[in-house]
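>>> Can you look at this prediction? I've put the sequence above it.
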Amino acid sequence: ASIIEPATRTLKTENGTNSDFRLRHLNRGDIEYVNSTWPYSTSKSIYKIQKQIEDDNSRGPRCCLGIEILQSEEKKEKEEPELVACILQYHNGALGMLHVDDKYRRLGLGAWLLSEATRILQEQGLPCFAFIMDNNKASESLFLKQGWVKEEPHGKKGTGRRRAKRKW
């Protein structure tokens, strides 16, 4: 299983202050956060997320990743790092549940997560794929910028409750 090197980046946030962010593997302590950020969460989804993270940590390929904020100029004495972004790998191998907290969007955190998860899969010779809901423009744009390609770009789009997941 691929292990990421603990990577830290200092980025300027929307209020103009510098903050330190660290990429790391998700663990049991992150399950509630992931479930709370997932728009499709249910009373049972927390168990699915828990299993995905536990399996990823025990068997690999280690694509359940998170980014935490370590400290910012405005709060030099931050008690504990706070998770602000994540990506998971489903049991079928697809990447998903990509989320970045609103306050930290447009800093490149989603791109950082996606590029690292993609690298891990490619190093292990595993297929890279994801499913993105129709009209999720932010995810579509991010995946395109990272070199991903929609499997059926001219497929019929769903609307309303009939929105379809598109394979990338």
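Received it, and whenever you're ready, just let me know what you need.
>>> Spatially nearest residue to residue 98 (excluding sequence neighbours)?
Take residue 98 and drop its neighbours on the chain: the residue closest to it by C-beta to C-beta, 6 or more residues apart in numbering is residue 87, 4.6 Å away. Bear in mind the C-beta positions are built from the backbone N, C-alpha and C, glycine included.
>>> Which residue, other than its chain neighbours, is closest to residue 63?
Counting by C-beta to C-beta, 6+ apart, the residue nearest residue 63 is residue 89, at 3.9 Å.
>>> what's near enough to touch that neighbour?
Residues near residue 89 by C-beta atoms under 8 Å, 6 or more residues apart in numbering: 52, 56, 61, 63, 64, 95, 96, 117.
>>> same question, residue 100
Contacts of residue 100 by C-beta under 8 Å, 6+ apart are 67, 84, 85, 107, 109, 110, 113.
>>> at 10 Å instead, please
Listed by C-beta atoms under 10 Å, 6 or more residues apart in numbering, the contact set of residue 100 reads 37, 67, 84-87, 106-113, 138, 142.
>>> Out of those, which is nearest to residue 28?
Of all the contacts of residue 100, residue 86 has the smallest distance to residue 28: 13.6 Å, by C-beta to C-beta.
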